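Enquirer: Fold the following.
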Amino acid sequence: MSTFKKALLQLHIFVFLAGLTAPIGNYIQLNGLMLVLYRMGITTMAAVLLYILTKNKTKTDYRVKIRLMGVGVLIALHWVCFYSSIKLANVSIALVCFSSVGLFTVILEPLFTKTKLVLNELLIGLLSLIGILCIFQFDVHYREGIIVGLISSFLAALFTIFNKKLTNNIAPQTIQTFEMLGGFLFLAVIVILSNASQYTSFVLPSKSDWVWLIILALLCTVWANYLMLSSLKHISAFTLNVTLNLEPVYGIILAFILFKEQKYLGISFYVGISLITVSVLFQMLRVVRQQKSTNS
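Expert: Numbering: from 1, shown residues only. Model prediction:
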């Protein structure tokens, strides 16, 4: 198997695991902030243990570690907004909003890298946005959840771009360890300050929540993030984020099966998800054509 094909396989396994995170999060009764705090706490413990045991790690100075921890803060904020969107709306709406990551990436990536704005990528991203606007316009009771979901997507685009700049010279295990540590420490400070000001109270998970949190942390975070960071060595950030538009497909199918959410979604939702699906197909065709032209 070629390096590029292996990277694509890793990417699609990661996307499937990412699709599981929303339904699992819906089962957990904690709010978005506490859910992500525990998820990142468990993930950090596992990542640090693997970092100590693994030989596949990169020695980095403290400045690089600080940058990695800063990206971890962006990941933490993205997750908090993502799960808050689920609580404010539902799994399907939060996942559809996540598809706007491709549009945010194509706009933001030229600002942080030396790449040029690609018109075709912008048009594909806009097609996804039109799909979201269809839902926003007609399903008014989901608007708050959609806004929070779009903020989540903006943050996801940012941390993916920064990860792309870091993956070339740093081992995935090193990246994951310090990013998770940075995100966890940031959220821990937020929770401590919120608890001290009585804005929110510290909540312990139930027994069933602990089970779902462990699955979410180990399977859908530690392993999934390793696959994502490995694939980023050989594919672009935009390809990653547009392929991530398949996440709503996996997650929405599960939400329909597990939570019967199709009962609460109108025709505008299906129009929107159809436009998003078309944008995914267009991008995958572009990737295949580019790869063929490179090999020829």
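
Enquirer: helices or strands up against the helix or strand containing residue 39?
Expert: Residue 39 is part of helix 32-53 when elements are defined by DSSP states H and E. Judged by 3 or more C-beta pairs under 8 Å, 6 or more residues apart in numbering; DSSP states H and E, helix 32-53 is in contact with helix 62-88, helix 172-196, helix 207-217. Yep, even glycine has a C-beta here, placed from its N, CA and C like the rest.

Enquirer: Check the gap between residue 165 and residue 185 for me.
Expert: Distance of residue 165 to residue 185, given as C-beta to C-beta, to the nearest Å: 22 Å.

Enquirer: quick one: which of these two has more around it?
Expert: The neighbour comparison of residue 165 against residue 185 (other C-beta atoms under 10 Å) goes to residue 185, with 17 against 14.

Enquirer: What sits closest to the more buried one if chain neighbours are left out?
Expert: residue 69 (7.4 Å; C-beta to C-beta, 6 or more residues apart in numbering).

Enquirer: In contact with that neighbour, which residues?
Expert: 178-179, 181-183, 185 (C-beta atoms under 8 Å, 6 or more residues apart in numbering).

Enquirer: and residue 249, what is it in contact with?
Expert: 19, 277.

Enquirer: Next up, the contacts around residue 278.
Expert: By C-beta under 8 Å, 6+ apart, the contact set of residue 278 is residue 127.

Enquirer: quick one: what helix or strand has it in it?
Expert: helix 267-295.

Enquirer: So for that helix, mean pLDDT?
Expert: For helix 267-295, the mean per-residue pLDDT is 74.

Enquirer: what do you get for stretch 179-199?
Expert: Rounded mean pLDDT across stretch 179-199 is 89.

Enquirer: buried stuff in it?
Expert: Residues of stretch 179-199 classed as buried: 179-187, 190-191 (neighbour count, 16 or more other C-beta atoms under 10 Å).

Enquirer: for stretch 16-35, same thing?
Expert: 16-26, 28, 30, 32-35.

Enquirer: Do I have it right that residue 184 meets residue 44?
Expert: Yes - counting by C-beta atoms under 8 Å, a contact exists between residue 184 and residue 44, whose distance comes to 4.6 Å.

Enquirer: hang on, the earlier thing: please list the members of the buried residues of stretch 16-35 that lie in strands.
Expert: Among these, DSSP state E puts none in strands.

Enquirer: wait, what's in contact with residue 19?
Expert: Per C-beta under 8 Å, 6+ apart, neighbours of residue 19: 95, 246-251, 254.

Enquirer: Determine the number of other residues adjacent to the closest residue to it other than its chain neighbours.
Expert: Sequence neighbours aside, residue 250 is the residue nearest to residue 19 in space, at 2.9 Å (criterion: C-beta to C-beta, 6+ apart). By other C-beta under 10 Å, 18 other residues sit near residue 250.

Enquirer: Is residue 250 part of a helix or strand, or is it coil?
Expert: When classified by DSSP: H, G, I helix; E, B strand; the rest coil, residue 250 comes out as helix.

Enquirer: ok so, going back, mind picking the two most distant members of the contacts of residue 19?
Expert: The span of the contacts of residue 19, defined through C-beta to C-beta, is set by 246 and 254 at 12.9 Å.

Enquirer: Ignoring the adjacent residues along the chain, who's closest to residue 98?
Expert: Counting by C-beta to C-beta, 6+ apart, residue 98 lies nearest to residue 153, which is 5.5 Å off, once chain neighbours are set aside.

Enquirer: Can you get me a residue count around that neighbour?
Expert: Quick note: residue 153 (other C-beta under 10 Å) scores 28 neighbours.

Enquirer: Where does it sit, in terms of helix or strand?
Expert: helix 143-166.

Enquirer: Okay, buried residues for that helix please.
Expert: Of all the residues in helix 143-166, those buried under the rule 16+ other C-beta under 10 Å are 145-164, 166.

Enquirer: and what of stretch 116-131?
Expert: Buried-residue list, stretch 116-131, by 16+ other C-beta under 10 Å: 121, 124-129, 131.

Enquirer: before we move on, back to that, quick one: contacts for the residue nearest to residue 19?
Expert: 15-16, 18-20 are the contacts of residue 250 under C-beta under 8 Å, 6+ apart.

Enquirer: give me the number of residues near residue 52?
Expert: 9.

Enquirer: Check the gap between it and residue 45 for me.
Expert: Taking C-beta to C-beta, one finds residue 52 at 11 Å from residue 45.

Enquirer: ok, back up a step: please dump the contacts of residue 19 into a markdown table; it should also carry pLDDT and distance to residue 216 for every row.
Expert: Conversion of those to a markdown table gives the following (pLDDT from 0 to 100; distance: C-beta to C-beta, whole Å):
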| residue | pLDDT | distance to residue 216 |
| --- | --- | --- |
| 95 | 85 | 15 |
| 246 | 74 | 19 |
| 247 | 76 | 15 |
| 248 | 75 | 18 |
| 249 | 77 | 20 |
| 250 | 83 | 15 |
| 251 | 85 | 13 |
| 254 | 88 | 14 |
